[in-house]
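J.: just coords:
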């Protein structure tokens, strides 16, 4: 329990810094693709940033593995984290560190309410679409028969692929591009399904809360009505007792119709 608590404390402390580093990695990954004609020092700087972020993710994985009470179970439950460490800076597999970012988001989102969780997942969808666009652009831009030449084409292709619309006006022609397309389709279906499910769950929870409040108010009204009946009966009993003792007719309880027996 102590080791597990230490692992949880480590993950809680490192979530924020690693998310920031992941954003920095995204920028470093995007610059050489969006600006292929940039000076050589820009490309070298981007590569240095990518290595730095990879070292940070690798160190985080090793620390979490050391703190995990069951090492083999930890490895089995975090396969993408391990791949992200073992396959650094291999085109396009270095995108697996972006998956590590999504895993960090997922660890935060598991404890989040519905609206926050939907926000996290929507951000993951946008990030996956953007990085999928960059990856396919890097692969397809110089392909002889490729038709994805600009970032706009790549973003449009990613959007239609993730939503499984697939107009067909842009499509990868290389084997690696098609592998990326399959991964993007599967990821898009899963993430968009999570967004839809959480929105539906939020509406259902709202309806359930409203229904529970209505039932509570109905129960309170019924209890109040019953209490009023008991009070009227008690007033009638107290009024009847002195009248019976003095021989005078009892005063009818409030609300009784004229001429009714009492």
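T.: Ah, there it is. Since we're looking at a predicted model, the values are computed, not measured.

J.: per-residue pLDDT, residue 115?
T.: With respect to pLDDT, residue 115 has a value of 58.

J.: er, residue 100 I mean
T.: 57.

J.: next one: residue 257
T.: 55.

J.: what do you get for the one 5 residues further on?
T.: For residue 262, the pLDDT comes out at 46.

J.: try residue 221
T.: The model's pLDDT for residue 221 equals 90.

J.: over to residue 172?
T.: Residue-level pLDDT assigned to residue 172 equals 90.

J.: how near is it to residue 164?
T.: Using C-beta to C-beta, to the nearest Å, residue 172 is found at 15 Å from residue 164. All C-beta spots, glycine's among them, are computed from the backbone N, C-alpha and C.

J.: please, which helix or strand holds residue 147?
T.: Assigned by DSSP states H and E, residue 147 belongs to no helix or strand.

J.: wait, what's in contact with it?
T.: Each residue near residue 147 by C-beta atoms under 8 Å, 6 or more residues apart in numbering is listed here: 140, 153, 169-171, 173.

J.: go again with 7 Å.
T.: Residue 147 sits next to residue 170 when contact means C-beta atoms under 7 Å, 6 or more residues apart in numbering.

J.: and for residue 154?
T.: Counting by C-beta under 7 Å, 6+ apart, residue 154 has contacts 133, 136-137, 148.

J.: now do the buried residues in stretch 33-53.
T.: Buried residues in stretch 33-53, counted by 16 or more other C-beta atoms under 10 Å: 33, 46, 49-50, 53.

J.: before we move on, what about stretch 64-77?
T.: Buried-residue list, stretch 64-77, by 16+ other C-beta under 10 Å: 64-65, 67-68, 74.

J.: could you list the low-pLDDT ranges of the stretch 101-250 of the chain?
T.: 101-118, 120, 243-250 (pLDDT under 70).

J.: the stretch of helix or strand residue 33 belongs to: how far from the chain's middle?
T.: Secondary structure from DSSP H and E places residue 33 in helix 2-34. Computed by C-alpha atoms, centre = their mean, to the nearest Å, the chain-centroid distance of helix 2-34 equals 17 Å.

J.: got it, and stretch 48-58?
T.: In this view, stretch 48-58 has its centroid 26 Å away from the chain centroid, taken as C-alpha atoms, centre = their mean.

J.: can you list the residue ranges for helices in the stretch 101-250 of the chain?
T.: Ranges of helices in the stretch 101-250 of the chain, per DSSP state H, counting those that start in this stretch, are 114-140, 151-162, 175-246.

J.: in TSV, list the ones you listed along with distance to residue 20.
T.: As requested, those are exported to TSV (distance: least, C-beta to C-beta, whole Å):
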stretch	distance to residue 20
helix 114-140	14
helix 151-162	24
helix 175-246	22
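
J.: so which of the ones you listed comes closest to residue 83?
T.: Closest to residue 83 of these is helix 175-246 (C-beta to C-beta; 12.7 Å).

J.: elements contacting the closest one?
T.: helix 114-140, helix 151-162 (3 or more C-beta pairs under 7 Å, 6 or more residues apart in numbering; DSSP states H and E).

J.: between those, which gets nearest to residue 195?
T.: Once those are compared by C-beta to C-beta, helix 114-140 is nearest, at 5.2 Å.

J.: can you state the direction angle for the closest one and helix 2-34?
T.: Our comparison of helix 114-140 with helix 2-34, counting by axes from the mean of the first three to the mean of the last three C-alpha atoms, to 10 degrees, yields an angle of 40 degrees.

J.: off-centre distance for helix 114-140?
T.: Using C-alpha atoms, centre = their mean, the offset of helix 114-140 from its chain centre is 13 Å.

J.: list the buried residues of that helix.
T.: Buried, per 16+ other C-beta under 10 Å, within helix 114-140: 114, 117-122, 124-125, 127-140.

J.: ok, residue 52 - contacts?
T.: Applying C-beta under 7 Å, 6+ apart, no residues contact residue 52.
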